[in-house]
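>>> predicted coordinates and the sequence they were generated for:
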Amino acid sequence: MCDLLSDWTTFGIGGRARRIAVARSRGELTDLACEGIVLGRGSDVLASDDGYDGTIAINRYERIMRDGNTVTVGSGTRLCELCAFLAENGLSGLEWALGIPGSAGGAVRMNAGAFGGAVSDRLLYADIVRDGKPVRLSRDELGFGYRKSDLGKNDVVIDAAFALERGVPSDIKARGAQYAAMRRATQPTGKSAGSVFKNPRGVSVGRIFDDAGLKGLRRGGAVISPKHANIIVNTGGATARDVCELISVMKSVLLEKGVAAQEEIIYIGDFGG
Ligand SMILES: Cc1cc2nc3c(=O)[nH]c(=O)nc-3n(C[C@H](O)[C@H](O)[C@H](O)COP(=O)(O)OP(=O)(O)OC[C@H]3O[C@@H](n4cnc5c(N)ncnc54)[C@H](O)[C@@H]3O)c2cc1C
């Protein structure tokens with residue numbers, strides 16, 4: 001199995017991990033939960049060029065179960081699979097997630113959202129492993145905020161249950177397709193980790209970067225997308241160092257404008273402090 005993190009992240013960037021293990025069942029994921037970092041689809045991370053000196057568990061525990069309007073998923077389930085299942089079964093509430101290339105587990109940790117919707121609107125509970133023990137946390141106990149949850153660094157989501165509403169399958173599909181089209185119109189399709197920075201309340205950092213003329217700025221193989229100034233794209237052969245150089249330019253623009261914005265992307269491995 002390939003131990004290069006570049007093969008397990010949507011950015012296509014990252015050096016070797018000491019060990020990569022793929023979890024394909026609830027039991028395998030639970031066993032690996034205490035060993036290192038769990039990644040779903042690696043769509044919100046920047047992995048170091050030096051890799052990671054530990055175990056990376058790749059979550060492929062995928063299953064979808066329905067009980068009335070409640071759907072419970074294995075945390076490795078891709079959001080696109082979940083959206084397709086919901087549309088087929090006439091269940092509405094997560095259409096906004098179509099086109100987000102992550103897993104359910106990653107989406108719970110990050111409180112993923114788009115077009116005014118977020119995981120926290122629909123999550124009933126998550127079954128997690130904390131310090132080797134299974135715990136069920138309700139939505140309120142997960143401490144959701146904008147693109148964040150209160151899950152601890154070592155908490156691993158195993159299953160997640162969502163409360164949905166009945167709808168007409170063709171309407172649900174049409175809404176999902178509309179969101180996906182809006183996404184295609186405004187976001188690049190190349191290798192990326194989505195938005196680099198979170199938007200502080202009422203502020204569009206993408207607009208600030210655009211006004212500062214950052215679109216198209218390149219360092220090595222990494223470029224600030226000409227389509228969306230808060231997204232960095234690996235146009236081929238980009239290193240984490242290239243990406244970090246662009247992030248540091250973005251940070252200085254934010255500093256100049258007096259805007260305090262936190263990175264949304266998660267750093268994996270050593271970035272030298
Ligand atoms: C093209 C593109 C578009 C995107 N658009 C959006 C968008 O519109 N809205 C949005 O919110 N995000 C967006 N993202 C970011 C990303 O897809 C989401 O945050 C997604 O939910 C992350 O899921 P993942 O499985 O890829 O997580 P990963 O990147 O694998 O992991 C992200 C973090 O979650 C942790 N994690 C992963 N799985 C688990 C688990 N089972 N239990 C506990 N912790 C876990 C990881 O350790 C890491 O800290 C986009 C990304 C891309 C590349």
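Ah, there it is.

>>> near the ligand, which residues of the chain are found?
10, 37-45, 59, 75, 100-103, 105-107, 109-110, 112-114, 147, 156-157, 192-194, 266 (C-beta under 6 Å from any ligand atom). C-beta: built from backbone N, CA, C; applies to glycine.

>>> for the stretch 151-273 of the chain, give me the ranges with low pLDDT.
273 (pLDDT under 70).

>>> all helices of it, in order?
Using DSSP state H, counting those that start in this stretch, the helices of the stretch 151-273 of the chain run over residues 169-186, 205-211, 240-256.

>>> just send the ones you listed back as TSV, with mean neighbour count and distance to Gly54 too.
What follows is the helices of the stretch 151-273 of the chain, written out as TSV (neighbours: other C-beta atoms under 10 Å; distance: least, C-beta to C-beta, whole Å):
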stretch	mean neighbour count	distance to Gly54
helix 169-186	15	34
helix 205-211	19	32
helix 240-256	17	17
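
>>> save those as a markdown table, and put in distance to Gly68 too.
Shown next, in a markdown table, are these (distance: least, C-beta to C-beta, whole Å):
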| stretch | distance to Gly68 |
| --- | --- |
| helix 169-186 | 16 |
| helix 205-211 | 40 |
| helix 240-256 | 44 |
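
>>> closest one to Ile224 among those helices?
helix 240-256 (5.8 Å; C-beta to C-beta).

>>> show me what the closest one packs onto, helices and strands only.
If you count contacts as 3 or more C-beta pairs under 8 Å, 6 or more residues apart in numbering; DSSP states H and E, helix 240-256 packs onto strand 45-47, helix 205-211, strand 218-219, strand 222-224, strand 232-234.

>>> spatially, what comes nearest to Ala261 if we skip its sequence neighbours?
Phe197 (4.4 Å; C-beta to C-beta, 6 or more residues apart in numbering).

>>> over to Ser92?
Nearest residue to Ser92, sequence neighbours excluded (C-beta to C-beta, 6+ apart): Gly167, at 3.5 Å.

>>> again, but for Leu86
Leu94 (6.0 Å).

>>> isn't Ala193 right up against Val45?
Yes: with contact defined as C-beta atoms under 8 Å, Ala193 counts as touching Val45 (6.1 Å).

>>> for stretch 94-103, buried residues please.
For stretch 94-103, a neighbour-count test (16 or more other C-beta atoms under 10 Å) marks Leu94, Glu95, Trp96, Ala97, Leu98, Gly99, Ile100, Pro101, Gly102, Ser103 as buried.

>>> re the thing from before, what's near enough to touch the residue nearest to Leu86?
Leu79, Leu82, Cys83, Leu86, Gly117, Arg122, Phe162, Leu164 (C-beta atoms under 8 Å, 6 or more residues apart in numbering).
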